[in-house]
Structure formats: structure tokens, C-alpha cells
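[1] Got a predicted structure plus its sequence, pasted below:
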Amino acid sequence: MAKNKDGLRELNELVSLSCDPDHFYYNNRLSFEEFLNISNNIITTSACLASPLNKLPEDHPMYEALIERYDFLEVQPHHHPDQVRFNRLLKELSKKYNKPLIAGTDTHSSSDYKAQCRKVLLAAKGKTYGDEDAFDLTYKTYDELVDMFATQGALDREDYMQAIANTNLLYDMTEDIELDTSIKYPILYGTREADDQKFDEIVEKMFADKLAKGIIPASQREAFRSAIDEEMRVFKKLEMTGFMLSMSELITWCKAQGMAIGTARGSVGGSRVAYVTDIIDLNPETWHTIFSRFCNEHRKEIGDIDIDCVADDRPKIFQHIVERFGWDKTARVPSFGTIQARAVIAEVGRYLAKKWDSEHPDELDKNPWSLPKIAEIKKDLSEIIDYAATNGKNDDDKKRIIMESEAYKKESARYPQLFYYFDGMFGNKISQSVHPAGMVISPITLNDNFGTFDKDGDNCLMLDMDNIHEFTGLSKYDFLVLKTVQVIRDTCNYIGKRYPRSHEIDWDDEAVWKDLSRDTTMIFQFESPFAADSLKRFEPHSIFDMSIVTAAIRPSGASYRNALLQRIQHHNPSKIIDDLLSKNLGYLV
């Protein structure tokens, strides 16, 4: 635990250090020397039976040094001969070295039910952790803790009651930490002011260049000038120039390497500055997209720009980010896999099958939890499981949808042994990996401020995507693999042409629009038969037509959509609304 902010940073740094590949041996750890050099900002205890004080002989050269460094010696209430012996040793060491005892419970589960679920999952996977089953590792109340120490009989009542009371002593030694959730955009050139100046220079230079080359038509000069001035005012007010500058540098670098980058994704398509600085390749003035959807001075959320790229380019982009911004200020975003409905049924079924086999060795062919039976149960719940996966906002919401369904109630009544564990296991984290698209770029060091770990050579933040958004204020960069971009790139390579820029394309080529209505196989978001049929029915002749169809095929009323696709003019109750929707045939999409 940490005494203050310096202690918190040191603690994060120690955790990060323990996860370094050089420190990893089955589990992450610190060396004796590193532990002994921890400052007094960190409060230390001797821990459970895995403590060096229990593992090392008393004449080991590090033994006494470790005792001296511990702030507390930790006794635990497990009714196990090894714990009884260790507690008695700790009492002797406490008196000899004047180190107070503290009571710990080594909690692995919040309740007996959760402990059962954990046991089932480990047994199903064939995993064991020593003689863990001989210990009660569930959360304990004060009264339960007192009763356990009394039953254990290793210490006098006065000793274990003082150890329990010392928990409050430890708490009093700590200070509350207020999380800094302020937005933290990267700083590229030393200070925010330097970034502002650099970005000003880049915007003006690239704006003049695009005007000179005709990429931005002369007729749009004044509209761009006005929009750029306003956008830059907003970016500076929100201290967002470092973010925009970093995006411009990254995409410019990608294109200089010959990488194919998507035209634009999401609301950033409304930024004239983003177009001028090559972050996007979509002219907002031409396509009438709106800046305020991307950013406005009243918006509290951190800026977000998603970039479409090709799969084999993405590792090079991530490596460039590390080299450009530094290993200590960049990190991949981790992903923690959770156990989902079908997997819960499969794992519990595997556990029950193993249990049956061990209890009925002469009736293996009668096992009621055979693989075909489990497959049948999963099939009976497939419809609601798929519905929950599509419509649930998160794991808790998915679980609620499933457990409230009639199908689940029916199956759980038929197989109570199997579904007894469903609530406790669904959504539990069971795997750790790296998010394929996400990377954080920070103005402050990450290993000490938030903690990082090594995952197959990638430096990863300790926090998952949701926690990054909610508790850190760090800016996250998503490089998404879009197969359509690769198809276009490969096609251009085959015919010996350069990957196209949007201003080089004839968007009014009727031959192209006619062909799109014939075959949408390779058109992003129109690959499905439903989307393809909708586009053909509308007969598009422009990007604006295509955008109307894209909006119309989202979940909506069928009659409303069908009338739109037939190009039947819709009339609204107000002329104001009709005027607003005049380019949409009167439809709100």
C-alpha cells in the first residue's frame, strides 16, 4: 500500500518492474535487492505461506534484512498445520524485532458461492494450486475472522485481537488518493505552447499547398479560412493541438511509407483542419460534414479519431509510435477475455462429467453430462444467447437478458446442477491479451503513473479500455484493419497505379454508379444481400444517395424505409422540417 502520491507512483513502478520478462518466473516478482530498496512511502507486510520468511532458512543472508524491511508481520487464520506453525514463528519474530502483527485472510473469492464457481472452473480446466482446497480463501467479516483465529489456536486471543486491530493502524498510515482524470493529450515539442505554434505552422503551410495544387478548389478558400480559424480556436481552448498534431504526423508518416490509409471514419470527417493536415482524405466543404460533431468547446469527452489501415502495415505503425513518442509514454491497450454463456455451459458440463466418472467408474457410458448432451443444451439456448450477444451493452446486461428469458428458466429447471454456477461464472475474466487496434500515447510516463506489463514483447497498460476512458484521461489511438482498404490497395498495385486520393476521383462517373447497383460485393457496409438489395432499389447516382441508403438500412421502421428506397417524397407536419430534409426526400435518416 502507498502512503502518498509518491508512494502510489513507486508502487505502480514496482508492479511494472515485476512484470518485466527478466523478472518473470511462472509469476511476476521482484528480487530481494529491489524489495529491500523500496522507500518508506510503501507499506510492506510479510504476506501468506508463500512468504520468504516461510520459504527461507533462518540462517539465509537475506532473512533478517527482510524482517527489518517489513512494516508488519502477517498472520492468517487458516486451520492448517503449516499456517499454525508459521503464525507461531511470526509471533516470536514480532517480539524479537519489535514488528507489529497484522491479520490477513488471503481472499481469493468474495463468497462461498464464488469460491465454488472458481473451484468448478479450475477443475474443468484441470488446474490446481497446491493444496488450496485445504484453505478457506473467502472474504471474512470481523466476527468470522475472530472465530477462525480462536478455532485455529495458534495464537493467544490477545495476540490475534491486536493483529486484527492493527488493520486499522495500517489504514491510518495511508492517505487517500484522488485520481487525476483530466484529459492528457500528448505533448510533442516540449510544451503545449510549442505544440500550438508548430501546429499553426503546419496548418498554414499545408493549407497554402493544397490551394496551390488545386486539391482545395479556389472557390472554397474563404469557407476553409473561416472554418480553420474557428477550429484552431477550439483546439487551443481544449488544449487539443498536441493530439491533432500527433495524428497529422502519424498519418503523414504512414502515407510517406506508401501505406494505404482509409479516407475517414466517424465524426472527424467534419474537420477542415483534419483535411488540410492529411489526417483525413475527405473534403468536409465538398461533402457538407459538420465539425461540431467531432469537437466543440463545450464537449467534455477526450478527442477520438479512428484510422483504417491494412493488417500488414499495423505492426509497423505501432513500432513507429513507440520510436516517435518513447517506450515510457506509449503502451498497447490490454484486452481481458471473459467467459461467455456457451463456455460456461461447456466448462460446468466438463466438471460435472469428470465428477460423474470419478464417482461411477463402472458406469462411464451412462454419464448424463456427455459432450452430445452439453451440445444439445447449448443448442436449445442458442437463440437467446445470440440475441444477448448482439443486444447486451456489457457482460452484466448479456447475463441479465439470458437469465430473464423463458428459455433459460426452462433449461435451468431441467438441469439445476449445471445452471447453479451460471450466474457466478458468466463474465469472469479468464484470459489476458492485447487489443489489436488500440494504443495510448501519453504526455506523462505510464509505468509509474498507471502501471504497465509486458505481453509477448508489447508494453501494455494495466488498465483495460473501459478503465482508460473512465479513469485516466489518456488519449487512445485506434488503428482498425479494414479489408476494403487492402482490396483497393492491392488492386492499385496489380494495375500499376498509386493508391488514390479523394480529390483525384470522379465522383460523378455514371458508369461507376451503374456498376455499384449491379454488384456491391466489395463495397464497405454493402456486402450483405439486404444492403445490396436496398442500394439497387434506390439506384444511387452520388455519394449523397449512398449515404441516405447507408442510414436507411440501420434498424428502423420497414414501411418508412421501403417508401424512401422507392423515392416516394415524404411530407412532414412542418415546412421547416421539409426544408431541412429537402435533400433526403423529406426523410429523417
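    Sure thing, it's come through.

[2] For the closest residue to Ile317 other than its chain neighbours, grab the count of nearby residues.
    Leaving aside its sequence neighbours, Ile317 sits nearest to Phe479 (CB to CB, 6 or more residues apart in numbering; 5.6 Å). Every residue, glycine included, has its C-beta placed from N, CA and C. Phe479 has 23 neighbouring residues, counting by other CB atoms under 10 Å.

[3] quick one: Phe479 is in a strand?
    Yes. Counting by DSSP: H, G, I helix; E, B strand; the rest coil, Phe479 is part of a strand.

[4] residues contacting it?
    By CB atoms under 8 Å, 6 or more residues apart in numbering, the residues touching Phe479 are Ile307, Cys309, Arg314, Ile317, Phe318, Ala437, Met439.

[5] quick one: which of those residues is nearest Ala150?
    Closest approach to Ala150 among the contacts of Phe479 (CB to CB): Met439, at 53.4 Å.

[6] and the closest one, helix, strand or coil?
    Met439 is classified as strand under three-state DSSP.

[7] Just the buried positions in stretch 265-277, please.
    For stretch 265-277, the neighbour count (16 or more other CB atoms under 10 Å) marks Arg265, Ser267, Val268, Gly269, Gly270, Ser271, Arg272, Val273, Ala274, Tyr275, Val276, Thr277 as buried.

[8] now, the most widely separated pair of those?
    Arg265 and Val276 (18.0 Å).

[9] backbone phi and psi for the nearest residue to Ile444 once chain neighbours are set aside, please?
    Excluding its sequence neighbours, the residue lying closest to Ile444 (CB to CB, 6+ apart) is Lys184, at 6.6 Å. The phi/psi pair for Lys184 (degrees, to the nearest 10) reads phi -130, psi 80.

[10] What's opposite Lys184 in the beta bridge?
    Leu474 (DSSP bridges).

[11] was I right about it contacting Ser442?
    Yes. In this structure, Lys184 is within contact of Ser442 by CB atoms under 8 Å, at 6.0 Å.

[12] Mutual contacts of the two, please.
    Joint contacts of Lys184 and Ser442 (CB under 8 Å, 6+ apart) are Leu474, Ser475.

[13] Which residue ranges of the protein form strands?
    Using DSSP state E, the strands of the chain run over 73-75, 101-103, 306-309, 330-338, 429-441, 452-455, 458-461, 475-481.

[14] Out of those, flag the one nearest Asn296.
    Nearest to Asn296 among these is strand 475-481; the distance by CB to CB comes to 17.4 Å.

[15] Leaving out chain neighbours, which residue sits closest to Asp308?
    Nearest non-adjacent residue to Asp308, counting by CB to CB, 6+ apart: Gly262, 2.7 Å away.

[16] Count the neighbours of the one you found for me.
    Using other CB under 10 Å, Gly262 has 20 neighbouring residues.

[17] begin at 59 from here
    I'll keep to 59 as the first residue from here, and by that count the last item is Gly320.

[18] Now the phi/psi pair for it, please.
    The phi/psi pair for Gly320 (degrees, to the nearest 10) is phi -60, psi 160.

[19] what stretches of the chain score poorly on pLDDT?
    Residues of the chain meeting the criterion pLDDT under 70: 59-63.

[20] residues contacting the residue nearest the centre of it?
    The centroid of the chain falls nearest to Met523 when counting by CA atoms, centre = their mean (2.4 Å). Contacts for Met523 (CB under 8 Å, 6+ apart) come out as Val391, Ser393, His493, Gly496, Lys534.

[21] Tell me if I'm right that the third one and Gly395 touch.
    I take that to be His493. No. Using CB under 8 Å, His493 is not in contact with Gly395, being 11.1 Å away.

[22] Which one of those two is surrounded by more residues?
    Higher neighbour count among His493 and Gly395: His493, with 18 against 12, using other CB under 10 Å.

[23] And the buried residues of stretch 323-335, which is closest to Met219?
    Ser325 (60.5 Å).

[24] Quickly note the distance from the closest one to Ile363.
    9 Å (CB to CB, to the nearest Å).

[25] Kindly report the same for Asp217.
    Taken as CB to CB, the span from Asp217 to Ile363 is 60 Å.

[26] More neighbours: which of these two?
    The residue with more neighbours, out of Asp217 and Ile363, is Ile363; 25 against 20, by other CB under 10 Å.

[27] you'd agree the more buried one is up against Val331?
    No. Counting by CB under 8 Å, Ile363 stays clear of Val331, with 11.8 Å between them.

[28] hang on, the earlier thing: now the residue nearest to the centre of the chain: how far from Asp536?
    For Met523 relative to Asp536 (CB to CB), the value is 10 Å.

[29] next one: Leu228
    In terms of CB to CB, Leu228 sits 41 Å off from Asp536.

[30] And the two? Which one has more around it.
    Counting neighbours by other CB under 10 Å for Leu228 and for Asp536 shows that Asp536 has the greater number, 18 against 15.

[31] you'd agree the more buried one is up against Pro494?
    No. Judged on CB under 8 Å, Asp536 makes no contact with Pro494 at a distance of 9.6 Å.

[32] give me phi/psi at the residue nearest to His629 when sequence neighbours are not counted?
    Excluding the flanking residues, the one nearest His629 by CB to CB, 6+ apart is Gly644, at 6.0 Å. According to degrees, to the nearest 10, the main-chain angles of Gly644 amount to phi 90, psi 0.

[33] check contacts around Gly644.
    Gln627, His628, His629, Asn630, Asp636.

[34] List just the nearest of the residues you listed to Leu148.
    Using CB to CB, the contacts of Gly644 come closest to Leu148 at Asn630, 78.3 Å.

[35] so that closest one touches Asp637, yeah?
    No. Taking CB under 8 Å as the definition, Asn630 is not a contact partner of Asp637, at 9.5 Å.

[36] and these two? which has more neighbours close in?
    Asn630 (14 against 10).

[37] domains in this protein, as residue ranges please.
    63-231, 250-381+521-541, 564-642 (automatic domain parsing).

[38] Single out the most deeply packed of those domains.
    Compared across the domains of the chain, domain 250-381+521-541 shows the largest average neighbour count, a mean of 18 (mean count of other CB atoms under 10 Å).

[39] how close does Leu504 sit to Ile403?
    For Leu504, the distance to Ile403 equals 39 Å [CB to CB].

[40] whoops, Asn112 was the one
    Counting by CB to CB - Asn112 and Ile403 are separated by 40 Å.

[41] do the same with His138
    Taken as CB to CB, the span from His138 to Ile403 is 34 Å.

[42] ok, how many other residues are close to the residue nearest to Phe477 when sequence neighbours are not counted?
    Among residues not flanking Phe477 along the chain, Ser470 sits closest, at 3.7 Å (CB to CB, 6+ apart). Applying other CB under 10 Å, we find 16 residues neighbouring Ser470.

[43] Next: Thr448.
    9.

[44] again with Glu405
    For Glu405, the neighbour count with other CB under 10 Å is 22.

[45] right, and Leu303 touches Asp253 too?
    Yes. Judged on CB under 8 Å, Leu303 makes contact with Asp253 at a distance of 5.6 Å.

[46] Compute the distance between Val545 and Ser592, please.
    Going from Val545 to Ser592 by CB to CB gives 22 Å.

[47] so who does Trp427 touch?
    Taking CB under 8 Å, 6+ apart as the test, what Trp427 contacts is Gly407, Arg408, Leu410, Ala411, Trp414, Leu476.

[48] Quick one: residues contacting the fifth one.
    Just to be clear, that refers to Trp414. Here Trp414 is in contact with Asn425, Pro426, Trp427 (CB under 8 Å, 6+ apart).

[49] Do a quick rundown of the helices in the stretch 309-458 of the chain.
    For the stretch 309-458 of the chain, helices defined by DSSP state H, counting those that start in this stretch occupy the ranges 330-334, 342-345, 372-383, 399-417, 429-438, 440-449, 453-461.
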